[in-house]
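Asker: Sequence plus the predicted model coming up.
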Amino acid sequence: FAVMKRKSRRRKVQAPAALPEEEAEPSCGPPQCKRQHCDPEVLGQLCRHDGLCVHENCLYHASGLYQRGADEEGFYGFLFPDIQEALKCCICRQPGASISCGARRCPRTFHYPCGSERGCVSQFFGEFKSFCWKHRPVQRVRAAQQDQTLCLICQEAVAERPRYDTLVCPTCTSAWFHRRCIQGQALSSALHHFRCPLCQDMSTFQEEMFRLGIKIPDRDAAWEEDGAFADHYQRHSSCDASQCLCPVGREESEGNGPWRMLLCHSCGSRGTHQRCSNLGEEVHSWECCDCSDTGTGEGCSWGGNTSPRDVQVLSNKPWSITDLALLVVPEHCRARAAAVAPTSSWHHRGCQAASQIGAGTGHPLEMLVLPHGWHRS
């Protein structure tokens with residue numbers, strides 16, 4: 001009786017104040033922990049069966065609870081009769097607490113969500129130990145912090161020193177982040193890709209995060225799962241011309257003819273109907289305004305004065321000798337070309353026709369061609 005009385009007295013030790021509202025993790029509502037909301041990143045998945053509800057992480061850290069069944073039995077191998085056993089939580093004083101502090105002679109037991117709110121640490125490796133707010137592992141690193149250090153992930157301010165809700169990379173001591181932020185990254189990157197976002201250290205960083213209670217699942221990254229890039233296979237399928245002329249609408253697409261849809265060969269995220277950009281049947285490659293070097297681009301809706309020949313020059317097709325007539329060569333280069341190679345086809349077809357478009361006018365077809373070894377004076 002005296003021993004029981006001492007335990008009862010110890011359990012009345014005041015729990016620390018709750019973390020600020022934005023750092024608390026309001027969670028779910030199984031009979032085990034009496035919660036109304038569940039955050040899977042903190043508590044794991046909520047398992048339900050025949051009126052029995054329990055968090056995944058509550059099972060892993062339950063004292064005296066073992067996976068005595070096969071993987072498909074109960075919840076992850078935990079049998080239903082074993083889950084029914086209940087203890088009183090030292091934080092919320094409700095029954096169903098199954099996690100005990102791993103420190104020697106510490107009598108505290110708590111629900112997993114209650115512990116996460118009060119700063120208790122549950123480790124996800126080895127013996128899956130849990131520690132109360134008094135005996136939890138802490139970081140003892142000398143980290144030089146700037147005047148106002150931000151979380152490397154969410155870019156919000158962090159605490160001035162390492163604590164339960166603020167962690168720092170033990171390798172570079174320059175990467176700071178909130179516990180919630182780094183936990184989300186760990187669940188996404190998983191064991192094979194999880195590392196410090198700044199210095200890219202993996203071994204020491206993972207070891208420290210495991211010790212501090214970060215759950216790092218042993219699987220491939222979320223972006224490597226089947227179907228993770230399914231949306232990348234969806235092609236753009238609408239006309240983005242400033243004025244679409246198709247009577248059916250921008251989504252209309254035909255294999256041939258005026259409503260043939262061409263996609264930008266550089267980005268693939270913009271399209272145009274053949275007629276809406278005044279393109280010829282022989283044009284099979286097109287570039288949008290954003291990707292065009294000139295800023296006006298082939299993808300802009302051409303005016304009625306633009307000839308099919310101009311469009312052909314701007315397309316991705318090889319240039320012929322007659323296309324050189326559209327090149328612009330500065331006056332001093334034309335004189336030099338005439339003196340060096342007065343009979344060359346380049347001189348006759350390029351320099352003579354260059355006067356058709358003045359240099360420096362900003363014309364979309366304006367280009368500067370300097371043969372090898374020539375320099376602007």
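Answerer: Now that the structure is in, tell me what you want to look at.
Asker: Quick check: residue 275 vs residue 46, distance?
Answerer: According to C-beta to C-beta, to the nearest Å, residue 275 stands 56 Å off from residue 46. For every residue, glycine as well, the C-beta is placed using N, CA and C.
Asker: Over to residue 207?
Answerer: 30 Å.
Asker: And residue 244, by the same measure?
Answerer: Counting by C-beta to C-beta, the gap from residue 244 to residue 46 is 49 Å.
Asker: And those two? Which one has more around it.
Answerer: residue 244 (20 against 17; other C-beta atoms under 10 Å).
Asker: Grab the nearest non-local neighbour of that one.
Answerer: Sequence neighbours aside, residue 250 is the residue nearest to residue 244 in space, at 4.8 Å (criterion: C-beta to C-beta, 6 or more residues apart in numbering).
Asker: And what about the one you found, helix, strand or coil?
Answerer: What DSSP: H, G, I helix; E, B strand; the rest coil gives for residue 250 is coil.
Asker: isn't it right next to residue 239, touching?
Answerer: Yes. Using C-beta atoms under 8 Å, residue 250 is in contact with residue 239, at 4.4 Å.
Asker: So for these two, which residue has more residues nearby?
Answerer: Neighbour comparison, residue 250 and residue 239: the larger count goes to residue 239, with 26 against 17 (by other C-beta under 10 Å).
Asker: does the more buried one count as helix, strand or coil?
Answerer: coil.
Asker: now swap in residue 207 and tell me
Answerer: Under three-state DSSP, residue 207 falls in the helix class.
Asker: Roughly how far does it sit from residue 187?
Answerer: Taking C-beta to C-beta, one finds residue 207 at 18 Å from residue 187.
Asker: Which residue ranges of this structure form helices?
Answerer: 2-11, 40-43, 56-60, 80-83, 112-118, 179-193, 203-211, 308-314, 331-340, 345-346, 352-354 (DSSP state H).
Asker: got the angle for the longest one vs helix 203-211?
Answerer: It refers to helix 179-193. Angle of helix 179-193 versus helix 203-211, following axes from the mean of the first three to the mean of the last three C-alpha atoms, to 10 degrees, is 130 degrees.
Asker: Show me what helix 179-193 is in contact with.
Answerer: 23, 25, 41-42, 151, 153-154, 164-167, 194-195, 197, 206, 209, 212, 214-223 (C-beta atoms under 8 Å, 6 or more residues apart in numbering).
Asker: out of the residues you listed, which are buried?
Answerer: 23, 25, 42, 151, 153, 164-167, 194-195, 197, 206, 209, 212, 214-217, 221 (16 or more other C-beta atoms under 10 Å).
Asker: Among the residues you listed, which are located in strands?
Answerer: Judged by DSSP state E, strands contain the following of these: 166-167.
Asker: where's residue 155 relative to residue 276, distance?
Answerer: From residue 155 to residue 276 the distance is 42 Å (C-beta to C-beta).
Asker: Between the two, point out the one with more neighbours.
Answerer: The residue with more neighbours, out of residue 155 and residue 276, is residue 276; 24 against 8, by other C-beta under 10 Å.
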